[in-house]
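Undergrad: Below: sequence and its predicted model.
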Amino acid sequence: MLKLRVLGSALLIPALLAGCSDNGSSRSSSLISVYVQAGQEDFSDALIRYVAVTEAGTLAENSDKQLVSTTYTSNNEAEATVAILAEELSYFDIIGRVADTDADVPATTRKCQVSAGCTYASTTVAFGETYHPVATPGWRSVAYSLANKERVRVTALTDLAAQLAFAKVYSEASSDTQDGGWLATGYYSAYSVEQSVSQISRLFGITNIQTAEPADLTQLNDWHKANPADAINSIRYGALLAAWQSLELSYTPTSDLPTYASAVGADLVTNDGQLFEKGGTQTLNLNDFYTLASDNLAAIDVSNETVQGFVDSVISGFEADQSGFTADALTAVTPDTLANLFGTNYSDFTIGLQRTKAFVNVLRDYQETFFEAGYRAEVDAYADQLKAIGDAHADDLDAIVLAFRQTQELYIDCYLNGACPSLDASWTWLTDASYDAATSSLTLNGGAITVSYRVADVNPTDADTTPTSSNAIDILIRGTYNEGDLRFIVDNTYVNNDPNNDIVSSSGVRIYYTTAASAPSDSIANPILGYEIRWSDFSLYDVAAISTDAENEVTGSFRLFYRGVADPEGLGNMHFNIDTVVLNGRISDVVVDEGNNDQNITTVFISASSANSDSYYGETEFAAFNGFFSPTASSTYVKGQIETAVASYKLGNETLNGNDVEYLDYYVPSADSYRYRFYPTVYRADTSDIDRDGNIEELIPTHYLEQCLLENTGSTWSIVSCEPRQRLNAKRDVQQAINDLWEVGVFARLDIPGRGAYFIEWPVNAPDENGCLTLAPLSTDEVSFDGELYDPEVLGLTTARFTSEVFLEYDGLTSTTEPRTLLDVLISAPALDSLNVTAALSHDYSSLSLSDVYLGAGTQLDRLLVNYNTESAFGENGSIAVYKDGVSLTLDDGTTSSLDSELTAYANLDYPLGFEPYRYILDDEGNYDRCVTSNVAEYGETRNLDDTIFYLNFRDVVYGRIAKENGIWIIRYIDGSWESLL
């Protein structure tokens with residue numbers, strides 16, 4: 001049996017009560033354009049990133065926890081036009097970058113808004129001059145449902161709102177079942193985003209921190225024609241950001257709190273959206289902050305009298321606020337009401353929340369309510385009957401499969417000897433055998449089974465359908481096998497379904513030979529590379545059950561391919577692994593049903609394949625189905641074993657077409673070896689506009705990387721072939737290039753066929769300031785490495801697909817049938833601990849559509865869609881989507897509304913920090929750079945499924961989450977209400 005690591009039973013309970021990656025989602029896909037502006041419009045050539053917020057309320061990431069972003073460069077007004085998804089939550093951030101003169105990439109510049117000047121990187125610039133912030137400020141802004149052409153700001157204050165919006169939501173009421181105030185969440189929602197923007201705006205006295213324009217204090221006189229209220233609001237905003245700039249420049253980053261905004265934001269979240277008015281020991285208090293803003297604003301020379309009046313009003317406003325501050329006391333600010341924040345759209349959210357709660361109540365008894373009344377008992381009885389039949393005949397079926405393979409073995413012996421040998425008395429299924437050498441045909445059991453051969457047509461693309469020789473020979477087997485009461489009938493398929501016509505698809509055993517053959521060959525002279533059991537048209541049933549309630553017949557086609565693998569030690573015989581399995585069958589409750597009299601029908605499709613069937617050497621000649629994910633049979637290759645001289649490298653130079661090419665040869669005697677060539681630097685036109693400045697004619701440095709396969713001829717290594725060269729936009733730096741390859745595991749982790757994965761410990765430098773490891777300088781001499789086998793090879797089905805559709809009839813005398821039910825499961829399992837599952841259960845549907853799996857559709861549909869993924873090195877994630885026809889809701893006026901609905905729960909389980917093998921940091925150009933944190937074979941990993949959090953999404957809105965608290969699964973909604981799953 002295939003062993004799959006799945007969600008534990010503790011997780012299945014909240015999963016079924018929630019609802020997965022939503023292939024049937026109503027999420028908007030239309031794009032609009034918005035203007036994103038950074039700071040006080042004083043950033044130039046800054047990177048502005050847009051990231052979509054997922055339906056789980058988290059930022060879109062790939063499996064390596066990198067944000068899936070679109071990056072833009074700000075113009076001289078700190079603005080970029082950004083394409084975003086309409087009517088969704090949108091995330092923006094701003095990052096400074098350094099200059100790359102070779103690639104003509106300018107550095108980010110930012111104006112100094114501090115009257116006394118700004119000191120950055122030991123350099124002081126005067127008020128109004130610019131400096132080059134690197135990586136900072138890292139400000140964020142999260143906005144809900146922006147309109148086309150709307151402008152949104154990214155400032156230090158929007159960053160505080162973004163931090164608060166992810167951590168907490170504000171509940172406007174409290175009761176026995178509803179908590180009030182700021183409540184922990186851990187996701188973005190429309191509620192929390194709007195409330196946090198309102199909270200921070202009120203906290204700092206700004207009308208709206210996302211839409212208001214912060215004044216550039218170096219251009220204050222330009223505000224003389226502005227509306228007074230707008231001017232005073234903008235100058236106050238600008239004064240606060242200028243004061244923030246001075247504090248930010250003096251801040252000392254830490255690994256946990258890398259920016260000043262993150263430090264203030266941490267205090268803000270801890271304080272439930274509040275800051276100290278005056279005094280306190282936290283990062284920022286409002287009194288000192290306002291004093292700094294007022295003093296800086298007062299020191300700026302203003303020549304326009306009108307503007308000076310605005311400035312005086314702002315300063316007076318700060319002073320008025322400060323007069324009401326209390327020492328060591330937190331502010332007591334609350335956000336505007338949800339009704340005011342959302343206006344006429346608020347009713348949509350309240351009804352959506354009510355529908356979510358109603359849906360959850362339906363799901364509490366979901367096992368009983370998924371099917372309509374009576375159907376569950378009928379389908380369970382039908383399934384139990386099929387299982388009982390399978391259990392009763394499991395041994396008989398194994399015996400028939402063995403007899404079928406023995407038939408092929410007997411035929412080969414008869415053919416090669418010109419007569420059959422003495423029959424094996426242990427083959428109880430066989431009573432007699434008669435071989436006709438003239439026709440090369442064999443009959444068994446009094447003619448019940450006939451066997452012959454033909455040359456297999458393994459090249460369907462050519463015109464020759466009857467080749468005289470081939471690398472495969474079909475041993476044709478047709479007839480009837482009996483084992484106990486189980487009967488198996490197999491035949492070829494023919495043109496027009498007529499046995500007198502040509503064979504379309506053969507039944508029997510196809511034998512694949514090393515060299516082409518025109519007839520069955522001796523396996524010593526012509527080694528066999530594989531076997532394929534082929535049942536092109538088969539029937540299987542219990543003869544004793546005919547005309548009883550247990551009557552059932554399985555018909556269809558079946559393929560099972562065994563791939564041969566040589567003993568890696570060169571000592572044993574060829575062993576054969578299951579490579580692919582395909583079953584396309586139909587289960588009927590009437591045997592030999594040619595009159596369509598079935599009452600109950602099940603269609604079954606199974607397809608599975610193994611990626612390493614060509615390298616795994618099993619314990620037995622033919623692998624069994626229960627051999628999947630079994631360790632290698634050889635005791636030589638066990639976990640933790642150290643292999644001496646498993647790999648080595650050597651640096652060198654060669655001249656190719658007049659070019660001085662540097663290379664690294666990486667020799668792996670037991671696997672493929674490669675030469676990595678690094679061509680010299682060449683300046684080429686920037687046709688791809690890598691610096692995003694619109695100029696595609698400027699010259700940038702480039703070089704080529706080429707990978708070539710090596711072979712050892714005994715005395716030397718020579719090149720066999722080379723992959724297409726890859727162009728890199730950078731100057732050639734061999735040490736850095738090899739380090740980049742090492743970071744992604746090219747040299748450190750080796751897969752050796754038949755053995756498994758080895759870890760090679762390359763010498764590294766001490767960790768840098770980010771905790772990242774880099775390769776130590778490489779030796780010019782050849783260096784050999786030992787390797788640790790940390791992941792011994794196992795045999796496993798890499799992919800599998802199971803599809804089954806059930807038709808049950810109410811009454812065999814009428815044409816009315818029960819609704820159809822379809823289960824479709826897709827599994828990808830490249831390794832034992834790496835699993836990706838998508839499964840859909842659809843019932844009472846009128847049509848089907850194919851996404852990853854088949855999904856039912858229709859007005860009466862009930863559907864369960866599950867995704868689960870453990871492939872990331874950083875955690876596990878999944879989702880469960882439940883679609884239900886007609887979920888009822890009692891409205892405030894007492895009336896009842898019924899609506900077809902889908903509820904989705906997104907599951908997330910991040911591994912604890914410090915257990916990841918690597919992470920990603922932003923480099924000087926705002927790009928992700930892989931950072932290796934551990935130079936060991938395996939990294940520590942702790943996973944506790946009880947730490948999984950499910951985020952509830954109804955119609956593209958996150959309304960709550962399910963998490964375990966004190967051993968009990970609790971649902972907490974965004975309005976503060978909560979309930980347990982018990």
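TA: Done, it's in.
Undergrad: Show me the helices in the stretch 101-250 of the chain, by range?
TA: Remark: helices assigned in the stretch 101-250 of the chain by DSSP state H, counting those that start in this stretch are 156-167, 190-204, 228-249.
Undergrad: Past the last one, which element shows up next along the chain?
TA: Same thing as helix 228-249. As assigned by DSSP states H and E, the chain's next helix or strand after helix 228-249 is helix 260-270.
Undergrad: wait, which of the helices of the stretch 101-250 of the chain is closest to F747?
TA: helix 156-167 (38.5 Å; CB to CB). Using the backbone N, CA and C atoms, a C-beta is placed for each residue, glycine as well.
Undergrad: what pLDDT, on average, does the closest one get?
TA: Averaging pLDDT along helix 156-167 yields 98.
Undergrad: same thing with stretch 502-521?
TA: 95.
Undergrad: Report the distance from that stretch to the chain centre.
TA: Centre-to-centre, stretch 502-521 and its host chain are 42 Å apart (CA atoms, centre = their mean, to the nearest Å).
Undergrad: ok, V34 to V957 distance?
TA: Distance, V34 to V957, using CB to CB, to the nearest Å: 20 Å.
Undergrad: then stretch 481-496 to CSV, C-alphas only?
TA: Output of stretch 481-496 as CSV, limited to C-alpha atoms (Å, rounded to 0.1, in the frame of the first residue of the first chain):
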residue,chain,number,x,y,z
TYR,A,481,-9.1,-18.4,-15.5
ASN,A,482,-10.9,-19.8,-12.4
GLU,A,483,-9.7,-19.5,-8.8
GLY,A,484,-12.3,-20.6,-6.3
ASP,A,485,-15.5,-19.0,-7.3
LEU,A,486,-13.7,-16.1,-9.0
ARG,A,487,-13.7,-16.1,-12.8
PHE,A,488,-11.4,-13.9,-14.9
ILE,A,489,-12.0,-13.6,-18.7
VAL,A,490,-9.5,-11.7,-20.8
ASP,A,491,-9.4,-11.0,-24.6
ASN,A,492,-7.9,-8.6,-27.0
THR,A,493,-9.8,-5.7,-28.5
TYR,A,494,-10.6,-5.9,-32.2
VAL,A,495,-11.6,-3.7,-35.1
ASN,A,496,-15.4,-3.3,-34.9
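Undergrad: Relative to the whole chain's centre, how far out is that stretch?
TA: Centroid displacement of stretch 481-496 relative to its chain, using CA atoms, centre = their mean, is 44 Å.
Undergrad: one step back: out of the helices of the stretch 101-250 of the chain, nearest to P819?
TA: Nearest to P819 among those is helix 190-204 (36.5 Å), distances taken as CB to CB.
Undergrad: Residues contacting the closest one, please?
TA: Here helix 190-204 makes contact (CB atoms under 8 Å, 6 or more residues apart in numbering) with 89, 142-145, 157-158, 160-162, 164-166, 168-170, 185, 207-210, 240, 273-275, 286, 331, 333-336, 338, 341-342, 349, 957-958, 974-975.
Undergrad: quick one, that helix and helix 228-249 angle?
TA: Here helix 190-204 runs at an angle of 90 degrees relative to helix 228-249 (axes from the mean of the first three to the mean of the last three CA atoms, to 10 degrees).
Undergrad: Centre of the chain to helix 190-204, how far?
TA: Its chain's C-alpha centre and that of helix 190-204 lie 32 Å apart, by CA atoms, centre = their mean.
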